[in-house]
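[1] Provided below for reference: sequence and predicted model.
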Amino acid sequence: QLSCAIGMSDEDGETALRWIGSGFLLAPYAFFVLPYAGRCFEEFYHGQDYLEITKFRRQWVPILASLIILAPCVILLVSENLHATQVVWKVFAVYAWILAPMLVTMWRPLVKLPFDSGDILTVLLITVPVIVNFYTFVLPDVQVKIRDGWPRISMLQITAVNIGLVVFVGVRPLHDLGYHLDFGVRDIVRITGGLLISALLLLPIGYGTGNLSTTGSAVPFAQGVAKFFVLLVLVSLPQELLFRGLIQNLFHARFDSVVEVYKYTQFWAERLPAQPTAVGLSELERMIPEEDEQKVTLEMEQKGLPKDEKVASARDEGGDDDEDEDEPDPENPPDDDEDDDEDDDGHRGHDSESLYAMKKALAVPARYQTYDAAHAKWFDRNPLCWLWIPTVRDWIALILGSAIYAVALIDHEKWDDGNAETFGFLACLGFACGYTWRLTSKVTASAIVHCLVLFIGLNVLDADISSSLRWTRSCSSQVSC
């Protein structure tokens, strides 16, 4: 009726409704790429009173976000021109899928280590329906076709991205996600390194299996730029946000947390006495570094006192009368602790040395510290170090993330049709993108590598990707021409 009132046919009205819904669908996706948008969302959700004593979470924020994410889905489902009852049931199913991972994350304690059961369940709730929908009907999906041979705007896939951004940027933040456009010189060098790795790995596989053309083909410049942007927004960024920004990121965060816990326990295991009930001076001396112990011993010997009389000496120097210590002189208040940290020669006292050693041993990366800052000693050596991941645990997480990426995107119904080569192609592509993401800590950087490889492979080298899950395939889609 509305389309007739404004002089449009029903078909034109449905097409316009789909494009309006697509615009609203991409709005949250575009919002989080803005500078400081994710941090502001996170700090608003994780509230704190004005005295900075009590921390709390505004649990209504994810509920409101889920309704905002649902709104464009309702518009797209209404555009299918189905019976009202069918639309209601489809909206209910989609909203249950949107809300489920948010509820899991809202109830997850903040003190849990990364990649715990709550994180695993959240990632599965977001991703499994999207991947399974390539094989059988799970959730309704509306796909809007832009142009023949171009990726389609999938309601289900973009909604999954919006859910992941709300959950893992604001509600349960992963600070290495890197969903922004702030690139430096090191990032450009590392993106180039990721492209070189992908070329070294993928070209031999492609030409060895005959999946790449030896002649190549040309693409008009304007059309090529437009298609590259569409591939970046609708294919590369969603995949990189899921497989690098979430899954591989959680592997790295888990391994880093295990290392930090090990450092913490080792620090106290080396310094605390074996018996928790031991309170004598001899047991506490085990916590004193050797240098400080020699210094204290020398001071005691200069005073003519043996070591076991240190406590008695400290008590006697304070005076036999306890009443002398009750009332401090208001005209001569005691010096602050900070003034006693160093002696006349500029050396730290024993308490200050112990505190300094403790802070150094227990130091953890700051809340928003980048990967470069955490490994500054390595990356500041020379520019060649910019291209090497410095820890073994990060290489392990990279390999695990690449394997999961290949398993998830391969078409398991075509394993006999040369799918082994496709698995190797996907694993190598995931390795190159994961390498770029780990060094830059930016999914936008790894998405550029992913999109360039995909664009050149499809439009220049005529790569065959028929054995992988493609954006043109869905078991429950309505396509707008």
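    Cool, the structure landed.
[2] show me where pLDDT drops low in the chain?
    Across the chain, the ranges flagged by pLDDT under 70 are 1-10, 49-54, 82, 214, 216-217, 271-368, 415-418, 466-481.
[3] list the contacts for residue 424?
    205, 406 (CB atoms under 8 Å, 6 or more residues apart in numbering). For the C-beta atoms, the positions are set from N, CA and C on the backbone; glycine is no exception.
[4] for it, what is the enclosing helix or strand?
    helix 419-440 (DSSP states H and E).
[5] from the chain's centroid, how far away is that helix?
    With CA atoms, centre = their mean, to the nearest Å as the basis, helix 419-440 stands 18 Å off its chain's centre.
[6] and it, which residues are buried?
    Using 16 or more other CB atoms under 10 Å as the test for burial, helix 419-440 gives 419, 421-423, 425-440.
[7] for that helix, list the C-alpha coordinates in CSV.
    C-alpha atoms of helix 419-440 as CSV (Å, rounded to 0.1, in the frame of the first residue of the first chain):
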residue,chain,number,x,y,z
ASN,A,419,39.4,-30.3,-2.1
ALA,A,420,42.8,-31.2,-0.6
GLU,A,421,44.4,-28.4,-2.7
THR,A,422,41.8,-26.0,-1.6
PHE,A,423,42.5,-26.9,2.0
GLY,A,424,46.1,-26.1,1.5
PHE,A,425,45.3,-22.9,-0.3
LEU,A,426,43.0,-21.7,2.6
ALA,A,427,45.5,-22.8,5.3
CYS,A,428,48.3,-20.8,3.6
LEU,A,429,46.0,-17.8,3.1
GLY,A,430,45.0,-18.0,6.8
PHE,A,431,48.7,-18.2,7.8
ALA,A,432,49.7,-15.1,5.8
CYS,A,433,46.7,-13.1,7.1
GLY,A,434,47.3,-14.4,10.7
TYR,A,435,50.9,-13.4,10.5
THR,A,436,50.0,-9.9,9.3
TRP,A,437,47.4,-9.5,12.1
ARG,A,438,49.7,-10.7,14.8
LEU,A,439,52.4,-8.2,14.0
THR,A,440,50.1,-5.3,13.4
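[8] quick check: next helix or strand after that helix?
    Following helix 419-440 in sequence order, the next helix or strand is helix 443-459 (DSSP H and E).
[9] tilt between that next one and helix 419-440?
    Counting by axes from the mean of the first three to the mean of the last three CA atoms, to 10 degrees, helix 443-459 lies at 150 degrees to helix 419-440.
[10] which other helices and strands contact helix 443-459?
    When contacts are defined as 3 or more CB pairs under 8 Å, 6 or more residues apart in numbering; DSSP states H and E, helix 443-459 packs onto helix 185-209, helix 221-231, helix 237-240, helix 419-440.
[11] list the buried residues of that helix.
    443-459.
[12] what of stretch 106-113?
    106, 108.
[13] what residues does it touch?
    57, 59, 62, 116, 118-119, 122, 171-172, 254, 257-258, 261.
[14] switch to 10 Å and redo it
    45-46, 55, 57, 59, 61-63, 99, 116-119, 121-122, 167, 171-172, 253-254, 256-258, 260-261 (CB atoms under 10 Å, 6 or more residues apart in numbering).
[15] list the residues that contact the closest residue to residue 198 other than its chain neighbours.
    The shortest distance from residue 198 to any non-neighbouring residue, by CB to CB, 6 or more residues apart in numbering, is to residue 432 (3.7 Å). Residue 432 sits next to 193-202, 402, 446, 449-450, 453 when contact means CB under 10 Å, 6+ apart.
[16] buried members of the residues you listed into ChimeraX, please.
    Restricted to buried positions by 16+ other CB under 10 Å, the ChimeraX selection for the contacts of residue 432 reads:
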select :193,194,195,197,198,201,202,402,446,449,450,453
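[17] between the contacts of residue 432, which is nearest residue 84?
    Looking at those and their distance to residue 84, the nearest is residue 450, at 41.0 Å (CB to CB).
[18] any chance you could map the strands in the stretch 1-150 of the chain?
    Assigned by DSSP state E, counting those that start in this stretch, the stretch 1-150 of the chain shows strands spanning 46-48, 55-57, 141-144.
[19] and those strands as CSV, adding distance to residue 383 and mean neighbour count?
    What follows is those, written out as CSV (distance: least, CB to CB, whole Å; neighbours: other CB atoms under 10 Å):
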stretch, distance to residue 383, mean neighbour count
strand 46-48, 38, 13
strand 55-57, 42, 11
strand 141-144, 45, 24
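[20] next one: stretch 428-444 to chain centre, how far?
    12 Å.
[21] swap in stretch 443-463?
    From the chain centre to the centre of stretch 443-463 is a distance of 22 Å (CA atoms, centre = their mean).
[22] pretty sure residue 39 contacts residue 169?
    Yes: the pair residue 39 and residue 169 qualifies as a contact (CB atoms under 10 Å) at a distance of 8.6 Å.
[23] need the overlap of contacts for the two.
    Shared contacts of residue 39 and residue 169 (CB under 10 Å, 6+ apart): residue 175.
[24] more crowded one of those two?
    residue 169 (22 against 16; other CB atoms under 10 Å).
[25] contacting residues for residue 120?
    Applying CB under 10 Å, 6+ apart to residue 120 gives the contacts 104, 247, 250.
[26] same question for residue 153.
    Here residue 153 is in contact with 18-19, 21-23, 25-26, 76, 142-146, 230, 233-234, 471, 480 (CB under 10 Å, 6+ apart).
[27] from residue 30, how far off is it?
    13 Å (CB to CB, to the nearest Å).
[28] find the residues that touch each one of those two.
    23, 233.
[29] can you report how many residues neighbour residue 404?
    Residues near residue 404, counting by other CB under 10 Å: 17.
[30] surely it is in contact with residue 251?
    Yes: counting by CB under 10 Å, residue 404 does reach residue 251; the two are 9.0 Å apart.
[31] surely residue 421 and residue 205 touch.
    Yes: using CB under 10 Å, residue 421 is in contact with residue 205, at 6.6 Å.
[32] list residues touching both of those two?
    Joint contacts of residue 421 and residue 205 (CB under 10 Å, 6+ apart) are residue 211.
[33] and the gap between the residue lying closest to residue 393 once chain neighbours are set aside and residue 398?
    Nearest non-adjacent residue to residue 393, counting by CB to CB, 6+ apart: residue 255, 4.1 Å away. Distance, residue 255 to residue 398, using CB to CB: 11 Å.
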